[in-house]
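Undergrad: sequence and predicted structure below; questions after.
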Amino acid sequence: MKNVTYKTQRVCSKQITFDIDDDNKLHNVKFLGGCPGNLLAIGKLVEGKDAKEIAGILKGNDCGGRGTSCGDQFAIAIEDALKSA
C-alpha cells in the first residue's frame with residue numbers, strides 16, 4: 001500500500017493524505033483544514049473506490065472561482081500518485 005501526502009494549492013484545506021492499495025483502491029482519505037463536514041464526507045464516499053474513477057469525477061470542480069477546489073486538488077493528487085506508482 002502506498003501512502004500519499006499532497007500539499008494543496010489555492011484552497012482552504014492545506015494538505016491531503018490517503019493510501020492507494022495494489023488494486024488502485026483509495027483508503028484513509030483525510031483533509032487537513034477546509035470544510036470539515038464536506039471533506040469528511042468525501043473521505044467516506046471514496047473509501048475503497050477506484051482511484052482513477054474518483055479522479056475523473058472530481059477533476060475540474062471549482063470552488064468560488066478559484067479555478068480549483070478541494071475535490072479537484074484531490075484528483076490532482078491521485079493522478080500524481082498513479083503516475084509515480
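TA: Thanks, I have the structure now. Worth saying up front: this structure is predicted, and the values here are computed from it rather than measured.

Undergrad: rest of the way, CA atoms for contacts and neighbours
TA: Will do.

Undergrad: pLDDT score for G37?
TA: pLDDT, G37: 95.

Undergrad: ok, and V4, which helix or strand is that part of?
TA: Using DSSP states H and E, V4 sits within strand 2-7.

Undergrad: give me the neighbour count for the closest residue to C12 other than its chain neighbours.
TA: Excluding the flanking residues, the one nearest C12 by C-alpha to C-alpha, 6 or more residues apart in numbering is G34, at 4.5 Å. Counted by other C-alpha atoms under 10 Å, the residues lying close to G34 total 14.

Undergrad: same deal with P36?
TA: 13.

Undergrad: need the phi and psi values for it.
TA: Here the main-chain torsion angles of P36 (degrees, to the nearest 10) amount to phi -60, psi -50.

Undergrad: report the central residue of the protein.
TA: F74 (2.4 Å; C-alpha atoms, centre = their mean).
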